[in-house]
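*Asks:* Predicted structure and sequence below. I'll ask about it afterward.
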Amino acid sequence: MSFAPNILELIARARSDLRMGVPVIMTGEGQALLVASAETMSEERLTDFRGLAPDLVLVITARRAETLKARVYDKDIARIRMPADATTRWVHCVADPSDDLMMPMKGPLAVERDGNVALHQTAISLAKSAQLLPAVVVLSLRDAGNFALEHGLTIVPASLAAANMAAAHQMDSVIHAGLPMRAAESGRLHIYRPDDGGEEHYAIEIGKPSRDKPVLARLHSACFTGDVLGSLKCDCGPQLNAALMQMGRVGEGVLLYLNQEGRGIGLANKMRAYSLQDQGFDTVEANHRLGFEDDERDFRIGASILKKMGFSSVKLLTNNPRKIAMMENEGIKVTERVELKVGENRFNSAYLATKAAKSGHLL
Ligand SMILES: Nc1nc2c(ncn2[C@@H]2O[C@H](COP(=O)(O)OP(=O)(O)OP(=O)(O)O)[C@@H](O)[C@H]2O)c(=O)[nH]1
Ligand SMILES: [Zn+2]
């Protein structure tokens with residue numbers, strides 16, 4: 001018998017530690033790192049970090065390093081040596097682009113090279129999965145086991161964590177119930193809960209679609225601003241509505257509402273991206289300046305839910321070829337792409353043009 005948390009439970013715990021500003025310990029490759037989120041780093045914690053080791057490192061993504069003109073020696077990340085007098089303000093300014101234009105020169109930034117960076121990369125993936133800015137302060141620990149015990153910190157074995165975060169998310173069905181909607185009185189809402197403690201996702205089933213034929217389907221990513229507030233900056237609200245209405249008209253379909261707000265970066269980071277867009281950057285540039293890829297979503301979640309529901313082929317309502325490729329890769333056949341072009345207006349036409357030009361969306 002063991003009450004010890006398994007790797008998925010450790011990842012979930014580590015995510016919430018980082019969000020609360022509590023450091024976690026990452027181990028593997030003969031190393032141990034004490035890791036704290038740059039975004040939630042307090043002055044007290046930074047002082048404690050300094051008390052342990054004079055040489056602190058701020059790990060950022062190669063995307064963020066590009067904006068800061070820092071050299072990248074480690075593929076997708078850069079390890080910035082923190083000056084001895086660096087404050088949390090310095091840490092936040094390097095991690096967060098909100099005042100890049102007011103303070104364009106944050107350097108010169110000295111960068112580490114050589115050595116094994118697997119733990120650093122996993123720490124960045126963990127910060128992303130916690131929907132924090134992808135930047136962490138780290139130091140090397142010698143006796144990680146005792147240190148963790150003494151301070152009550154979570155130890156995360158890095159390679160297991162990396163493999164589990166990269167693996168397709170498995171879901172469990174929680175409950176479903178009838179939900180008459182404007183679009184269709186025969187609606188049914190299903191709730192799915194990921195095994196890794198991440199956000200729940202929803203499936204809205206309309207009618208009683210056969211499991212033996214391609215079903216009219218839509219993978220919709222959450223957009224609080226568009227879906228709920230009727231924001232004119234994107235086309236999400238009209239797309240959600242049009243997809244449900246179309247399913248209602250034909251009498252059957254399935255819409256997956258995936259809680260991957262802001263193309264997977266979370267609402268707070270999406271609002272950071274919007275504030276950069278207010279400064280003139282486009283949707284892709286804004287994500288990159290924050291240190292993210294243009295699209296951080298994992299569409300395997302959608303395939304996994306469809307399989308759980310018993311579907312193996314779809315007629316997919318989308319303009320995004322990546323969604324089709326991901327479905328096919330995961331063993332869901334896309335027999336037809338059904339165009340979904342609604343809701344263009346003067347506020348989102350440049351956004352839609354950028355998605356077509358830079359992210360491969362079909363016009
Ligand atoms: N990071 C970021 N996310 C955005 C921005 N505007 C909208 N989003 C998010 O983009 C996602 C759009 O989702 P979808 O409409 O399902 O996907 P899509 O890639 O446009 O593909 P289709 O609509 O199927 O053609 C939602 O998660 C929105 O929250 C933005 O400027 N920045
Ligand atoms: Zn939107």
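*Replies:* Here it is on my side, so go on. Numbers count the residues shown, from 1 in each chain. Ligands and ions are numbered 1, 2, ... in the order given.
*Asks:* domains for the protein, by residue range?
*Replies:* When the chain is parsed with automatic domain parsing, its domains come out as 7-165, 171-260+297-359.
*Asks:* and of the ones you listed, who's closest to ligand 2?
*Replies:* The closest approach between ligand 2 and any of these, judged by Cβ to the ion, belongs to domain 171-260+297-359 at 3.1 Å. For every residue, glycine as well, the C-beta is placed using N, CA and C.
*Asks:* Is ligand 1 within reach of that closest one?
*Replies:* Yes. Applying Cβ under 6 Å from any ligand atom, one finds domain 171-260+297-359 touching ligand 1 at 220-223, 234, 236, 239, 260, 318-320, 323.
*Asks:* Mean neighbour count added to the domains of the chain, as JSON lines?
*Replies:* Putting the domains of the chain into JSON lines (neighbours: other Cβ atoms under 10 Å) gives the following:
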{"stretch": "domain 7-165", "mean neighbour count": "18"}
{"stretch": "domain 171-260+297-359", "mean neighbour count": "18"}
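*Asks:* so which of the residues of domain 171-260+297-359 next to ligand 1 comes closest to F3?
*Replies:* Nearest to F3 out of these is Q260 (Cβ to Cβ; 32.3 Å).
*Asks:* so how far is A222 from the closest one?
*Replies:* As for Q260, its distance to A222 is 6 Å (criterion: Cβ to Cβ, to the nearest Å).
*Asks:* can the domains of the chain go into a markdown table with extra columns for mean pLDDT?
*Replies:* Formatted as a markdown table, these follow (pLDDT from 0 to 100):
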| stretch | mean pLDDT |
| --- | --- |
| domain 7-165 | 94 |
| domain 171-260+297-359 | 95 |
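*Asks:* hang on, isn't V250 packed against L216?
*Replies:* Yes. Counting by Cβ atoms under 8 Å, V250 sits close enough to L216 to count as a contact (6.2 Å).
*Asks:* contacting residues around G310?
*Replies:* Residues touching G310, when contacts are defined by Cβ atoms under 8 Å, 6 or more residues apart in numbering, comprise R211.
*Asks:* How is R193 assigned, secondary-structure-wise?
*Replies:* Each residue gets one of three states, and R193 gets strand by DSSP: H, G, I helix; E, B strand; the rest coil.
*Asks:* Surely it is in contact with V174?
*Replies:* Yes. Using Cβ under 8 Å, R193 is in contact with V174, at 5.1 Å.
*Asks:* between those two, what contacts are shared?
*Replies:* Residues touching both R193 and V174 (Cβ under 8 Å, 6+ apart): E200.
*Asks:* Which members of the residues of domain 171-260+297-359 next to ligand 1 are the farthest-apart pair?
*Replies:* Top of the distance list for these (Cβ to Cβ): A222 and N319, 17.8 Å.
*Asks:* Export the domains of the chain as JSON lines, with columns for distance to ligand 2.
*Replies:* Listed next are those as JSON lines, based on distance: least, Cβ to the ion, whole Å:
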{"stretch": "domain 7-165", "distance to ligand 2": "17"}
{"stretch": "domain 171-260+297-359", "distance to ligand 2": "3"}
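*Asks:* Ok, which of those domains comes nearest H288?
*Replies:* Taking Cβ to Cβ, domain 7-165 is the member of the domains of the chain nearest to H288, at 4.7 Å.
*Asks:* Say whether ligand 1 is contacted by that closest one.
*Replies:* No. Applying Cβ under 6 Å from any ligand atom, one finds that domain 7-165 is not in contact with ligand 1, the shortest distance being 11.5 Å.
*Asks:* Endpoints of that domain, how far apart?
*Replies:* 10 Å (Cα to Cα, to the nearest Å).
*Asks:* now it, how far from the centre of its chain.
*Replies:* In this view, domain 7-165 has its centroid 17 Å away from the chain centroid, taken as Cα atoms, centre = their mean, to the nearest Å.
*Asks:* cool, stretch 167-182 as well?
*Replies:* Chain-centre distance of stretch 167-182: 20 Å, with Cα atoms, centre = their mean.
*Asks:* Convert it to PDB, retaining C-alpha atoms only.
*Replies:* Listed next in PDB are the C-alpha coordinates belonging to stretch 167-182 (Å, rounded to 0.1, in the frame of the first residue of the first chain):
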ATOM      1  CA  ALA A 167       1.300  12.200 -23.700                       C
ATOM      2  CA  ALA A 168      -2.200  12.500 -25.100                       C
ATOM      3  CA  HIS A 169      -4.500  13.500 -22.300                       C
ATOM      4  CA  GLN A 170      -6.800  10.800 -21.100                       C
ATOM      5  CA  MET A 171     -10.200  11.700 -19.900                       C
ATOM      6  CA  ASP A 172     -12.900  10.200 -17.800                       C
ATOM      7  CA  SER A 173     -16.600  10.900 -18.400                       C
ATOM      8  CA  VAL A 174     -18.100  12.500 -15.300                       C
ATOM      9  CA  ILE A 175     -21.800  12.900 -16.100                       C
ATOM     10  CA  HIS A 176     -24.100  13.900 -19.000                       C
ATOM     11  CA  ALA A 177     -27.600  15.300 -19.000                       C
ATOM     12  CA  GLY A 178     -30.200  16.600 -21.400                       C
ATOM     13  CA  LEU A 179     -29.900  20.300 -22.200                       C
ATOM     14  CA  PRO A 180     -32.500  21.900 -24.500                       C
ATOM     15  CA  MET A 181     -30.900  24.800 -26.300                       C
ATOM     16  CA  ARG A 182     -32.000  27.500 -28.700                       C
END
